[in-house]
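[1] give me coordinates for this.
(2 chains)
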Amino acid sequence: MSSLTITGVTKSFGSGASATRAVDDVTLHVPHGSFTTVLGPSGCGKTTLLRLIAGFLVPESGAIAFGDTVVVGDGVRPMPPQTRRVGYVPQEGALFPHLDVAANIAFGLPREARGTTGADRVAEMLELVELPADFRDRRPDELSGGQQQRVALARSLAPAPAIVLLDEPFSSLDAGLRGSTARAVRRALAVTNTTALLVTHDQNEALSLADQVAVMRAGRLVQSAAPSEVYLSPSDPQVAEFVGRAVVLPGTATDARATCALGEVVLTEPATGPVALMIRPEQVFVDLAHDEGVRGTVEEVSYYGHDCAVQVRLDEGTSVLARMAGVRRPGPGDTVHLRVTGLVRAYHPAGAP
Amino acid sequence: MALLALVPLVYVASYVVIIGPVDLWELLARPRIAELLRNTVTLAVVCMAATAVLGVALAFLVERTDLPGRRLWHGLLVAPLAVPAFVNGYAWVSLDRSINGFTGAFMVVTLSYYPLVYLPVVAMLRRLDPALEESAWSLGHSRARTFRTVVLPQLRPAVLGGALLVGLHLLAEFGALSLLRFPTFTTAIYDQYGSTFNGGAATAMAGVLVLLCLVLLLAELRLRGNRRYARLGRGAARGAVRVALGHGRWPLLAAVGAVVALAVGVPAFSLVRWLAVGTSTEFPVAELVEALVATVALALAGAVVTTLAAIPVVWLAVRHRGWASTVIERSTYVANALPGIVVGLALVVASLRLVPAVYQTAALLVAAYVILFLPRAVVTVRAGLEQAPTVLDDVAHSLGHGPLATARRVTLPLIAPSLGAGAALVFLAISTELTATLMLSPIGTSTLATEFWSASSELRYGAAAPYALLLVLVSIPATVLLMRTDSPATKTERVPV
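    Reported below is the predicted structural model:
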């Protein structure tokens, strides 16, 4: 087990004028025993970053270190993947189809350990990923998608790797299975205190699983922070809109407060002059009973059961999204009053506040 | 390996270049050549048309009507594939010497090869989405019109592909046409080679033959590549509604029965009769065993070498895609257009010129088998390697395995079944190969096919019968493999000629 440190790593594909930087000067630290998710839209370079860490690709510049050991970097001969001790869990698990569950899990154990001690390790791993012990004799095609992913994780954890890399491991599972499998994986990684890096394009997955979320866009790492910070204080409005629904309104700031179409709001950090204000829909309180706040008319209601999203056209013309509990909800055409609760992040037009 | 596959083509092409257009014209512009060209093209065109009509009609009757005993008929209608065409020719001509010339050749070849159209059409009919036909009905088309406007266009690739395969087989067919005394380019090349060792005339004719084959192969590639008939949407396939034949079923049943009687019954009857006659006079157990052992040994060696040769070709094509690997893979397919006679001729000449030591050795014969049957092994092994995605290699590397250990513990176990299947297909193809074996087998070595050939071409029909029986038995497993219509082997399969 060890921490993971990535320093200024760059990797391009293609050559000459058509070369594109898939990973562009990325620096990231994953502390020992923690879980980091790399979040980004498809094609942002997150899988390339993962393959660079695993050793399947070699970066043009920059360094990658596991703990104190530099596995690739200036003046260091790149360590081949088979000696890096990384656990790799690809999309859809990629279990060896010709081997049963036990043989898959024992695959990475040293030859002499594949016998009886291997059997103990297999049992231990099955328990860790919360699968019944009698699954050991099953073939991969007899498992559901979620079970295959758990076995793939058990296979990667069996040799006690320095770090585990997961490449969109839940994207092929259906919605119900995705949540339960992800939580089981999270628990197994926590029990073994394994350093883990998971790449995904799913915001919910990234926020709910990780200690740290690293947001990638066009090969660059734009923000890495705790999930709540990424959600509530994104580094720019684009990140804000990528990690969740956001209402971005123009406003004028004077010190700790700003005014906008939704009235006066309190800022996370003081600012002055024209700003863009990022307000999460659940920060917009919809008052059905009193006429306190900014008046508007409900245009559209999307009801999800546990909550609902309400699109409101303010009297002055701006349309904003509000999220409210689904117990009592307005109908299209109703008149409502909106207020902003909590702190609001302000961005100067250039981007940084 | 790709270079070896190109030897025959290079040989024919370089000969044509070396002797120049004037001498080539001298060799080719003769009435005999014109007659051969007319025979070859006429037979090919007429047989392709006949097998197409017969194949589609039989497939429709078996798959889309309530013909009684459909499953049994399906098995019987595919059975001719298990009888090499030259054995079929022997069966007919030994029953009645008057069966020969164009009519005889047309009948025997059509009865031998119609399954090449029938099988892909059956497969296509099973895959067609019945919803398309149902839509056409609901739009007011009659069943007959629906068949013409909806079903037939979708069958087009299967019919044309099958018919062109028949054409390629016909151009390469030697044994049956020689027995039926209908001269084509292939039989003429063999006669030239056998009687006079007249390399020039034989090679010039081989050039024309290769040209005809390439025309057919290119036509097939074009027709196959241009159009796609995708089944849109997913979901469980439903069976199509079968046409009720009503009173028409009895004449149609009789017609199907007649085809089976001619294609399977007559050869079986003839074989059994000559077996009875032959065994009463002579039954050379020692020679039979000797030929069987030689056949098995050659086929084993050829199967192993061909499959091993296919591995690097497939590896490059699947794992290192690029123009170079594509060229290498495709060049092995050229052999699909090369009749055994051309491969044999090319290797005789090339070995005598370049490495005389290998002439008349088993090694040279095995080389010919590799050229002829590499496409089959490549197709099968390729399907296997595509089942072993590179992500499994990545996982094995991350679990501490280097390239060699990964090959041993992951890749090889995964492709082993397809290696076995490829080797089996090649084994079966080699054990019934006639033309190249006749030209290249070492003196004193005789296989089932060559022994059969020497007996039947000397009109010792009884003596040929036990060899014919063994050849049919050897062909049965390959036919069963072919009948699994979803197997990749059916896509570019050529039945031994």
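
[2] from here on, contacts and neighbour counts on C-alpha atoms
    Will do.

[3] and the residue of chain B nearest chain A?
    Chain B approaches chain A most closely through B:Gly400 (3.8 Å), counting by C-alpha to the nearest C-alpha.

[4] what's around the closest residue to that residue other than its chain neighbours, how many residues?
    On the basis of C-alpha to C-alpha, 6 or more residues apart in numbering or on different chains, the spatially nearest residue to B:Gly400 that is not a chain neighbour turns out to be A:Gln82, at 3.8 Å. Applying the criterion other C-alpha atoms under 10 Å in any protein chain shown, we find 21 residues in the vicinity of A:Gln82.

[5] what sits against A:Gln82?
    B:Ala396, B:His397, B:Ser398, B:Leu399, B:Gly400, B:His401, B:Gly402 (C-alpha atoms under 8 Å, 6 or more residues apart in numbering or on different chains).

[6] tell me the SS of it?
    helix (DSSP: H, G, I helix; E, B strand; the rest coil).

[7] and for A:Thr10?
    Here A:Thr10 is recorded as strand under three-state DSSP.

[8] ok, B:Trp137 touching B:Arg143?
    Yes: the pair B:Trp137 / B:Arg143 is scored as a contact, 7.1 Å apart, by C-alpha atoms under 8 Å.

[9] how about residues contacting the lengthiest helix in chain A?
    Of all the segments assigned as helix in chain A under DSSP state H, the longest by residue count is helix A:175-191. For helix A:175-191, contacts defined as C-alpha under 8 Å, 6+ apart pick out A:33, A:128-130, A:146, A:149-150, A:153, A:170-171, A:195-196, A:205, A:209.

[10] pop out the phi and psi values for B:Trp67.
    Actually, residue B:67 is Leu. It isn't Trp. phi -60, psi 130 (degrees, to the nearest 10).

[11] could the contacts of A:Gln82 go into JSON lines alongside neighbour count, secondary structure and pLDDT?
    Shown next, in JSON lines, are the contacts of A:Gln82 (neighbours: other C-alpha atoms under 10 Å in any protein chain shown; DSSP: H, G, I helix; E, B strand; the rest coil; pLDDT from 0 to 100):
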{"residue": "B:Ala396", "neighbour count": "26", "secondary structure": "helix", "pLDDT": "92"}
{"residue": "B:His397", "neighbour count": "27", "secondary structure": "helix", "pLDDT": "91"}
{"residue": "B:Ser398", "neighbour count": "28", "secondary structure": "helix", "pLDDT": "90"}
{"residue": "B:Leu399", "neighbour count": "29", "secondary structure": "coil", "pLDDT": "90"}
{"residue": "B:Gly400", "neighbour count": "22", "secondary structure": "coil", "pLDDT": "88"}
{"residue": "B:His401", "neighbour count": "22", "secondary structure": "coil", "pLDDT": "90"}
{"residue": "B:Gly402", "neighbour count": "16", "secondary structure": "coil", "pLDDT": "88"}
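
[12] list the buried ones in the longest helix of chain A?
    Buried residues in helix A:175-191, counted by 16 or more other C-alpha atoms under 10 Å in any protein chain shown: A:Arg178, A:Gly179, A:Thr181, A:Ala182, A:Ala184, A:Val185, A:Arg186, A:Arg187, A:Ala188, A:Leu189.

[13] got the angle for the helix or strand following it vs helix A:175-191?
    Past helix A:175-191, further along toward the C-terminus, the next helix or strand under DSSP states H and E is strand A:195-200. Between the direction of strand A:195-200 and that of helix A:175-191, the angle (axes from the mean of the first three to the mean of the last three C-alpha atoms, to 10 degrees) works out to 160 degrees.

[14] parallel or antiparallel, list what pairs with strand A:195-200.
    For strand A:195-200, sheet partners with direction are given as strand A:35-39 (parallel), strand A:163-167 (parallel), following DSSP bridges.

[15] could you give me the average pLDDT of that strand?
    pLDDT averaged over strand A:195-200 equals 94, rounded to a whole number.

[16] so for the following helix or strand past it, what gets flagged as buried?
    Next in sequence after strand A:195-200, counting helices and strands by DSSP H and E, comes helix A:203-209. Taking 16+ other C-alpha under 10 Å as the neighbour-count basis, helix A:203-209 is seen to contain the buried residues A:Gln203, A:Glu205, A:Ala206, A:Leu207, A:Ser208, A:Leu209.

[17] give me the distance between the closest residue to the third one other than its chain neighbours and chain B.
    Same thing as A:Ala206. Nearest residue to A:Ala206 in three dimensions, chain neighbours excluded: A:Thr37, at 5.5 Å (C-alpha to C-alpha, 6+ apart). In this structure, A:Thr37 and chain B are separated by 20 Å, where distance is defined by C-alpha to the nearest C-alpha, to the nearest Å.

[18] from A:Gly179, how far off is A:Thr37?
    When C-alpha to C-alpha, to the nearest Å is applied, the distance between A:Thr37 and A:Gly179 equals 15 Å.
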